[in-house]
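**Student:** curious how this folds, go ahead:
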Amino acid sequence: CSPTDSPWARTAPLRAGSASSWPPRVDAFTREELWCTLRDLWSAQKFNVILVTHDLRESVFLADTVYVMSRSPGRFVVKREIGLARPRDLEVTYTAEFTDIVHELRGHIGVVRKPGAVVPQ
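**Tutor:** Next comes the predicted model:
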């Protein structure tokens, strides 16, 4: 996918006061196209991005570093460097290395979500 083919380029602006969320809800294929668009823009322009997401696959695909946060109050409890080669193609999401990282992060989230979990201050 390329920035000119991006669904972002085709998205209509939201009306002021609308209850719609941004970005709009999209299907899985469009979401992956958006990942590619952000990847391509970053590759071309090298800007900094802070991406807040609940999608572990998205974070591992796009990030160099992923931080896992606790519940309220939100605290960083794990910092994980993502050592996958760049540029990342969507095919990397089907590799054992990618899946292992996603499962590792999910494990950390499971630990901090347990009732009574102690979160470092």
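
**Student:** where in this protein is pLDDT low?
**Tutor:** Low-confidence segments of the chain (pLDDT under 70): 1-24, 119-121.

**Student:** again, 90 this time
**Tutor:** 1-26, 49, 69-75, 110-121 (pLDDT under 90).

**Student:** quick one: the helices in it?
**Tutor:** Taking DSSP state H, the helices of the chain run over residues 7-10, 28-45, 56-62, 96-113.

**Student:** okay, now the nearest residue to Leu56 once chain neighbours are set aside: neighbour count?
**Tutor:** Among residues not flanking Leu56 along the chain, Val102 sits closest, at 4.8 Å (C-beta to C-beta, 6 or more residues apart in numbering). The way it works is simple: take the backbone N, C-alpha and C, and place the C-beta from them, glycine included. Using other C-beta atoms under 10 Å, the number of residues around Val102 comes to 17.

**Student:** residues contacting Val102?
**Tutor:** Listed by C-beta atoms under 8 Å, 6 or more residues apart in numbering, the contact set of Val102 reads 56-57, 60.

**Student:** of those - the most surrounded one?
**Tutor:** When neighbours are taken as other C-beta under 10 Å, the top entry among these is Val60 (23 neighbours).

**Student:** look up the closest residue to that one, ignoring the ones flanking it.
**Tutor:** Counting by C-beta to C-beta, 6+ apart, the nearest residue to Val60 once its immediate chain neighbours are dropped is Ile101, at 5.1 Å.

**Student:** pretty sure that neighbour sits against Val78.
**Tutor:** No. Taking contacts as C-beta atoms under 8 Å, Ile101 lies outside contact range of Val78: 11.8 Å.

**Student:** so these two - more neighbours on which side?
**Tutor:** The neighbour comparison of Ile101 against Val78 (other C-beta under 10 Å) goes to Ile101, with 21 against 16.
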